[in-house]
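*Asks:* Provide a 3D model corresponding to the input given below.
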Amino acid sequence: MSDIKQQIFQELSALDDATAKLRATAANAGRQTDLEVAILTEQVRGLREKNARAAEMIEQSVSILEKLK
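*Replies:* Predicted structure coming up:
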């Protein structure tokens with residue numbers, strides 16, 4: 001009977017360790033995802049700013065070309 005209790009406690013301990021590892025992995029994955037989203041958000045913001053500047057430059061170029069006609 002004592003051996004069965006010991007085995008049960010060992011299995012419960014192993015299960016507890018596995019649960020702790022899974023929780024840590026899930027937490028790390030969540031932080032990684034948040035970091036990736038933040039990086040992508042900054043990249044999109046930068047691309048939108050560059051696109052706006054490019055559109056302004058194109059408008060200025062078209063305006064200059066029209067004046068030269």
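*Asks:* avg pLDDT for the strand or helix carrying A55?
*Replies:* Assessed by DSSP states H and E, A55 sits inside helix 2-68. For helix 2-68, mean pLDDT is 92.
*Asks:* Distance from it to the middle of the chain?
*Replies:* Relative to its chain's centre, helix 2-68 lies at 0 Å (CA atoms, centre = their mean, to the nearest Å).
*Asks:* So which elements touch it?
*Replies:* Using 3 or more CB pairs under 8 Å, 6 or more residues apart in numbering; DSSP states H and E as the contact test, no helix or strand touches helix 2-68. To be clear about C-beta, it is placed using only N, CA and C from the backbone, and glycine gets the same treatment.
*Asks:* So the most centrally placed residue in the chain versus G46, what's the distance?
*Replies:* In the chain, the C-alpha nearest the mean C-alpha coordinate belongs to E36, at 2.2 Å (CA atoms, centre = their mean). Relative to G46, E36 is positioned 16 Å away (CB to CB, to the nearest Å).
*Asks:* Neighbours of E49, how many?
*Replies:* 10 (other CB atoms under 10 Å).
*Asks:* Check the spacing between it and A20 real quick.
*Replies:* E49 sits 44 Å away from A20, taking CB to CB as the criterion.
*Asks:* Quickly note the distance from I64 to E11.
*Replies:* Taken as CB to CB, the spacing of I64 relative to E11 amounts to 79 Å.
*Asks:* distance of A24 from E11?
*Replies:* As judged by CB to CB, A24 and E11 stand 21 Å apart.
*Asks:* Repeat that for K67.
*Replies:* For K67 relative to E11 (CB to CB), the value is 83 Å.
*Asks:* which of these two has more neighbours?
*Replies:* The residue with more neighbours, out of K67 and E11, is E11; 10 against 7, by other CB under 10 Å.
*Asks:* Return the residues in contact with A14.
*Replies:* By CB atoms under 8 Å, 6 or more residues apart in numbering, the contact set of A14 is empty.
*Asks:* Next, work out how far apart E42 and D34 are.
*Replies:* In terms of CB to CB, E42 sits 13 Å off from D34.
*Asks:* With R48 instead?
*Replies:* Distance from R48 to D34, by CB to CB: 21 Å.
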